[in-house]
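**Q** No letters, just coordinates:
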């Protein structure tokens, strides 16, 4: 059986974000693309992750928040997410973040987005 | 100055009425707010968490509570007990507010469970449902002094001056707080509470209220059993006889300033204070800074203030100076629709971001 394009979901592209060194370990930066905003994280071990860029509670940019281990803290209300899974971990956030795949190619961080 | 003798029309401050609809319609809810520029690396350092300062302050706080409580009980019946109760009252009835606040933000300690324990203890002391107020305070930071959205607006126009004055000994405020706790304990959550508290959190709010009521009931039983007033001097009453410092500092946070703006420099006040008040208040005198960057812990606020003070209105030099500018403004707001104290910015500051306020309703025509 063949899936239709709609069943496959939107076509995804790998989009370059920044150089590896542009994000410190245990930090985050904002990336805007295609009318959407994303948050790109580097964990303490140097691995990269990506989520939607706005807090699911009140549309605050997570790039201004604090990365604590595996968590990103919303800069407005102390809501916390696990940025590796997107899971909401602490009130007032209750809705998970969408996560996106990342990779490093020739020293550039890339994100797979629609 | 010559006032029109009639008070301004009473505004609708509910979260479910016409003001709420207007705030949503005008884009004032969850709006983009002005903030001073701080390099990312500096801000990361400012936001960094540490257990040490709050452990030190909490040990001192609880230690002094125990010592002054023992002193008050030991000397009960003589005038010697008075200074013990004065200090105990402020530590219980005023310092609880700043501990509730900072632990609620999750910025007091680095360790989460420490924040949670202090938050629960302080919520009980200050007679606030810990669940309700966690959510109402989140809203206060999202929509600071946005009428129809912010559940923690302290000055509702026209301000009832007598009510503000009595708050320094707080009988009505404490009565209202207890009424809410009891109402929640019997499972009754009102429309405003249901507006800012997610449905899944409502059972937690009811449970927390029942715990508070149970502690007060236990205190009453002990008092009856001992045939003594002392249990209430230790639990409950300090929220009345010791709350004056909480209100003295709390009223100047936003009093006399603007409603329905999206620049904290227009609706919040920073004020220098003596070190004792700053310790009781956990540096919330840096209130513009706190609202601009709420995830900066209390112990880093003086440093944050130094970094951005050139972008802010000049801080009030003292508590008294803050009242001197606030009281005339609040009185004028009772009669002059739309008036607020618009403080001058230093030459080094970026101007008030009027373009962020383009959707704000014409203040002179505000009624509902």
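**A** Cool, the structure landed. In this text, all values refer to a predicted model and were calculated from it rather than measured experimentally.

**Q** C-alpha only now, for contacts and for neighbours.
**A** Will do.

**Q** Shouldn't residue A:50 be within a strand?
**A** Yes - counting by DSSP: H, G, I helix; E, B strand; the rest coil, residue A:50 is part of a strand.

**Q** Hmm, residue A:109 and it touching each other?
**A** No - Residue A:50 sits out of contact with residue A:109 when judged by CA atoms under 8 Å, with a separation of 10.4 Å.

**Q** List the contacts of residue A:88.
**A** By CA atoms under 8 Å, 6 or more residues apart in numbering or on different chains, residue A:88 lies in contact with A:79, A:80, A:81, A:82, A:94, A:95, A:96, A:97.

**Q** What's the local residue count around the fourth one?
**A** By other CA atoms under 10 Å in any protein chain shown, the residues close to residue A:82 number 20.

**Q** who's it bridged to?
**A** Under DSSP bridges, the beta-bridge partners of residue A:82 are residue A:71.

**Q** my guess is it contacts residue A:89, does it?
**A** Yes - using CA under 8 Å, residue A:82 is in contact with residue A:89, at 6.8 Å.

**Q** thinking again about what came up before, neighbour-wise, which of residue A:50 and residue A:109 wins?
**A** Neighbours were tallied for residue A:50 and for residue A:109 using other CA under 10 Å; the higher tally belongs to residue A:50 (28 against 22).

**Q** which parts of the stretch 51-200 of chain B sit against chain A?
**A** Contacts of the stretch 51-200 of chain B with chain A, taken as CA under 8 Å from any CA of the partner chain, map to B:105, B:106, B:135, B:138, B:141, B:142.

**Q** Assign the spatially closest residue to residue B:71 that is not a sequence neighbour to helix, strand or coil.
**A** Using CA to CA, 6 or more residues apart in numbering or on different chains and skipping residues adjacent in sequence, the residue nearest residue B:71 is residue B:84, 5.8 Å away. Secondary structure, three-state DSSP: residue B:84 is helix.

**Q** pretty sure residue B:84 is in contact with residue B:69, am I right?
**A** Yes - in this structure, residue B:84 is within contact of residue B:69 by CA under 8 Å, at 6.9 Å.

**Q** in chain B, which spans are strands?
**A** With DSSP state E, there are no strands along chain B.

**Q** Flag the shaky bits of the stretch 51-200 of chain B, pLDDT-wise.
**A** Applying pLDDT under 70 to the stretch 51-200 of chain B picks out residues B:170.

**Q** all helices of it, in order?
**A** Secondary structure of the stretch 51-200 of chain B (DSSP state H, counting those that start in this stretch): helices located at B:52-74, B:81-93, B:95-105, B:112-125, B:130-142, B:161-166, B:171-185, B:191-196.

**Q** most packed of those?
**A** Mean neighbour counts were compared across the helices of the stretch 51-200 of chain B using mean count of other CA atoms under 10 Å in any protein chain shown; the top stretch is helix B:95-105, at a mean of 25.

**Q** elements contacting it?
**A** helix B:112-125, helix B:275-281 (3 or more CA pairs under 8 Å, 6 or more residues apart in numbering or on different chains; DSSP states H and E).

**Q** how about the residues of chain A that lie near chain B?
**A** Counting by CA under 8 Å from any CA, chain A sits next to chain B at A:58, A:59, A:64, A:66, A:75, A:76, A:77, A:78, A:92.

**Q** hmm, 6 Å instead?
**A** For chain A, the contact set with chain B under CA under 6 Å from any CA of the partner chain comprises A:75, A:76, A:77, A:78.

**Q** List the buried residues of the biggest helix by length in chain B.
**A** Criterion DSSP state H: the longest helix present in chain B is helix B:202-226. Under the neighbour-count criterion of 16 or more other CA atoms under 10 Å in any protein chain shown, helix B:202-226 has B:202, B:205-210, B:212-213, B:216, B:219-220, B:222 buried.

**Q** Also stretch A:43-51?
**A** For stretch A:43-51, the neighbour count (16+ other CA under 10 Å) marks A:43, A:48, A:49, A:50, A:51 as buried.

**Q** for the residue nearest to the first one when sequence neighbours are not counted, what are its contacts?
**A** This points to residue A:43. Leaving aside its chain neighbours, residue A:43 sits nearest to residue A:26 (4.7 Å; criterion: CA to CA, 6+ apart). Residues counted as contacts of residue A:26 (CA atoms under 6 Å, 6 or more residues apart in numbering or on different chains) are A:42, A:43, A:44, A:67.

**Q** how about a cut-off of 8 Å?
**A** Applying CA under 8 Å, 6+ apart, the residues near residue A:26 are A:41, A:42, A:43, A:44, A:46, A:67, A:68, A:69.

**Q** Look up phi and psi at the fourth one.
**A** If I follow you right, that is residue A:44. Note on residue A:44: backbone dihedrals following degrees, to the nearest 10 are phi -60, psi -20.

**Q** Hmm, it is touching residue A:67, no?
**A** No - counting by CA under 8 Å, residue A:44 does not reach residue A:67; the two are 9.4 Å apart.

**Q** Skip the chain neighbours and tell me the closest residue to residue B:61.
**A** Nearest to residue B:61 is residue B:91, by CA to CA, 6+ apart, at 6.9 Å.

**Q** Pull the contacting residues for that neighbour.
**A** Contacts of residue B:91 (CA under 8 Å, 6+ apart): B:61, B:64, B:65, B:242, B:280.
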